[in-house]
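**Q** Predicted model follows, preceded by the sequence.
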Amino acid sequence: MPDILLTHGYFLWNDAHELATMRPYPPLGILYLSAYLKRAGVAVDVFDSTFSTIDRFERHVAQHRPPVVGIYTNMMTRQNVLRMMAIARRLGAKVVLGGPDPGNYAAEYLQRGADCVVIGEGEETLLAVLKAWRTADETPLRDIAGVAYRDGDEVIKTPARAQISKLADLPWPDRDAIDMQAYIAAWRRHHGLGSVSLITARGCPFHCQWCSHAVYGHSHRRRPVSDVADEVEDIIERYRPDMLWYADDVFTIHKKWFFKYAAELERRGIRIPFETITREDRLDENIIARLADMGCRRIWVGAESGSQRILDRMQRSTDAERVIAMVRLLQKHGIEAGMFIMLGYDGEEQSDLEETVRVLSAAAPDIFLTTVSYPIKDTGYFEAVQDRVVAHKSWDDGSDRDLSVIGRHSDAFYRHATRWMVGEVGWRTALKREGLAAGRWSEIARHMANSARGKLGMWMHEGERESGSPTSPGGAR
């Protein structure tokens, strides 16, 4: 019997959007935990939910009867995790949760049956919890830094745990605990290239107001160049992927480290296609040229808005105009450029949306993705608008994605705004790249029609604004 079963609440087959995009990656967080606990002598079982079902999870717990079930949880998986918690408790297991959502909503998860919530970085804290629970005298959780638990009706949060200073002391993720080939095969079937993910650092030091830092705070800790290069060699040897995904928050954040890492890969003769995320202020032509030398196939630039006014409200500390130049440089060096765009941030007006369309059209990225902003608990954005936050669903049935702000345009407005933006940028970009070349006029006309329909929808819903009674965190609407 294992000492702990580690799992997560993401079930691919239940997510229509993810099934359409089909870009699944292994749960690196619990794989890091598994490797760390095994090294400490803990018997660990891993249930990877990605390609499975909740029914299979229940059968697995019933068969193996772990005394503890540890579940990584984020806002997207809250409903599944609540069901998994109930199953684990009914089958006699204690439940410990980790990840960003329990860190923000410890009281709510504890009230719904969790025995303990790990707040922040998990390795050392989870090991301490397991040791406490298996001692004869039941060492109290109050002696463990970085946890939340219930004492009767009271929720107790202990002082934060110091973060692990040397990431090289951590073992690599326990990828052998799951079916890696299932992920690689899914990528090959849908994208032609099998991909494996890894991280080179933990945390992000920037202070964008909408971004959650629930796990790593505002820290930024890098792994040694040699350690990352060793892991890449191991991944290539064991799994034979066609590409890598560097899942860092900002891959090129540390210029000196980046160039050392590129040189180390070159010294070892490693050149494998990869994809990653960065910011415009962490790019320049030398970095981009080196990325191309390394085999980079796509960079996602977190642009967020084309309006400098909105970027400043976000405390993004980036330059909207410079994004245009960096996207063009990426493409000049043969790297696909993607952009992330956020609509609906507090204070955004029509002129800000038009600025975003202008920047997107001028940059002409190979792809851009949009989302409508929502205030995540314990972020600067949430704190700024918390007296105007409304929830479209109850806490148990929704997530922070279902939070909106009184006075903001309606969801219908932003659905049409997204359509307008995609269509407007589509026809402008196609016209700039191809002109009225044979066969392209129909594509341009289609984009223009979508733009017009989106614009009409925006006009029809212009007067609709979010309203209702403010919602307290964790409460129903």
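**A** It's in.
**Q** drop to CA atoms for contacts and neighbour counts, all remaining ones
**A** Fine.
**Q** Show me how this structure divides into domains.
**A** Using automatic domain parsing, the domain parsing of the chain gives 4-157, 183-460.
**Q** Let me have the ones you listed in CSV, extended by mean pLDDT and distance to residue 173.
**A** Putting these into CSV (pLDDT from 0 to 100; distance: least, Cα to Cα, whole Å) gives the following:
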stretch, mean pLDDT, distance to residue 173
domain 4-157, 94, 4
domain 183-460, 95, 9
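**Q** Including distance to residue 174, could the ones you listed go into CSV?
**A** What follows is the domains of the chain, written out as CSV (distance: least, Cα to Cα, whole Å):
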stretch, distance to residue 174
domain 4-157, 5
domain 183-460, 12
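**Q** would you list those domains in TSV and tack on mean neighbour count and distance to residue 470?
**A** Below are the domains of the chain laid out as TSV (neighbours: other Cα atoms under 10 Å; distance: least, Cα to Cα, whole Å):
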stretch	mean neighbour count	distance to residue 470
domain 4-157	19	18
domain 183-460	18	5
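**Q** can you tell me the helix or strand for residue 463?
**A** Using DSSP states H and E, residue 463 is not contained in any helix or strand.
**Q** returning to what we had before: which one of the domains of the chain lies closest to residue 467?
**A** Nearest to residue 467, of all the domains of the chain, is domain 183-460, at 5.0 Å by Cα to Cα.
**Q** Next, the distance between the ends of the closest one.
**A** End-to-end distance of domain 183-460 (Cα to Cα, to the nearest Å): 44 Å.
**Q** Tell me the gap between it and the middle of its chain.
**A** Counting by Cα atoms, centre = their mean, to the nearest Å, domain 183-460 is centred 11 Å from the centre of its parent chain.
**Q** right, and residue 45 touches residue 6 too?
**A** Yes: the pair residue 45 / residue 6 is scored as a contact, 6.2 Å apart, by Cα atoms under 8 Å.
**Q** list the residues that contact both of those two?
**A** Common contacts of residue 45 and residue 6 (Cα atoms under 8 Å, 6 or more residues apart in numbering): residue 34.
**Q** quick revisit: closest one to residue 471 among the domains of the chain?
**A** Comparison of the domains of the chain against residue 471 by Cα to Cα identifies domain 183-460 as nearest, at 5.0 Å.
**Q** So residue 257 belongs to a strand, correct?
**A** No: Residue 257: not assigned to a strand; according to DSSP: H, G, I helix; E, B strand; the rest coil it is helix.
**Q** In CSV, could you pull the C-alpha coordinates for the lengthiest helix in the chain?
**A** Longest helix in the chain, counting residues (DSSP state H): helix 411-434. Provided in CSV are the C-alpha atoms of helix 411-434 (Å, rounded to 0.1, in the frame of the first residue of the first chain):
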residue,chain,number,x,y,z
ASP,A,411,-20.0,38.9,-21.7
ALA,A,412,-22.1,39.2,-24.8
PHE,A,413,-20.3,42.5,-25.7
TYR,A,414,-16.9,40.8,-25.3
ARG,A,415,-18.0,37.8,-27.4
HIS,A,416,-18.7,40.2,-30.2
ALA,A,417,-15.6,42.2,-29.5
THR,A,418,-13.5,39.1,-29.9
ARG,A,419,-15.1,38.3,-33.2
TRP,A,420,-14.6,41.8,-34.4
MET,A,421,-11.0,41.8,-33.3
VAL,A,422,-10.2,38.5,-34.9
GLY,A,423,-11.9,39.5,-38.1
GLU,A,424,-10.4,43.0,-38.3
VAL,A,425,-6.9,41.8,-37.7
GLY,A,426,-7.5,38.9,-40.0
TRP,A,427,-8.4,40.9,-43.1
ARG,A,428,-5.8,43.6,-42.4
THR,A,429,-3.0,41.1,-42.0
ALA,A,430,-4.0,39.0,-45.0
LEU,A,431,-4.2,42.2,-47.2
LYS,A,432,-0.8,43.3,-46.0
ARG,A,433,0.9,39.9,-46.5
GLU,A,434,-0.8,38.8,-49.7
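**Q** helices and strands around it, which ones?
**A** Judged by 3 or more Cα pairs under 8 Å, 6 or more residues apart in numbering; DSSP states H and E, helix 411-434 is in contact with helix 350-363, helix 441-460.
**Q** Just send these back as JSON lines, with distance to residue 211 too.
**A** Formatted as JSON lines, the helices and strands packed on helix 411-434 follow (distance: least, Cα to Cα, whole Å):
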{"stretch": "helix 350-363", "distance to residue 211": "20"}
{"stretch": "helix 441-460", "distance to residue 211": "27"}
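**Q** So residue 96: helix, strand or coil?
**A** At residue 96 the chain is in strand, as set by three-state DSSP.
**Q** residues touching it, list them.
**A** Contacts for residue 96 (Cα under 8 Å, 6+ apart) come out as 68, 69, 70, 71, 114, 115, 116, 117, 118.
**Q** again, but for residue 427
**A** 443, 444, 445, 447, 448.
**Q** quick one: it from residue 321, how far?
**A** According to Cα to Cα, residue 427 and residue 321 sit 21 Å apart.
**Q** what's the answer for residue 119, then?
**A** Using Cα to Cα, residue 119 is found at 38 Å from residue 321.
**Q** and if you look at residue 249?
**A** Plainly put, residue 249 is 22 Å away from residue 321 if you go by Cα to Cα.
**Q** which residues of the stretch 151-300 of the chain fall in helices?
**A** For the stretch 151-300 of the chain, the helices defined by DSSP state H, counting those that start in this stretch cover 180-191, 225-239, 255-267, 285-294.
**Q** how about residue 336, phi and psi?
**A** When read as degrees, to the nearest 10, the backbone of residue 336 gives phi -70, psi 140.
**Q** who's the closest residue to it other than its chain neighbours bridged to?
**A** Counting by Cα to Cα, 6 or more residues apart in numbering, residue 298 is the residue found nearest to residue 336 once chain neighbours are left out, at 4.4 Å. With DSSP bridges applied, residue 298 shows beta-bridge pairing to residue 275, residue 336.
**Q** Isn't residue 298 up against residue 337?
**A** Yes: using Cα under 8 Å, residue 298 makes contact with residue 337 at a distance of 5.7 Å.
**Q** give me the number of residues near residue 463?
**A** 10 (other Cα atoms under 10 Å).
**Q** Pull the contacting residues for residue 99.
**A** Neighbouring residues of residue 99 by Cα under 8 Å, 6+ apart: 72, 73, 74, 118, 119, 120, 214, 215.
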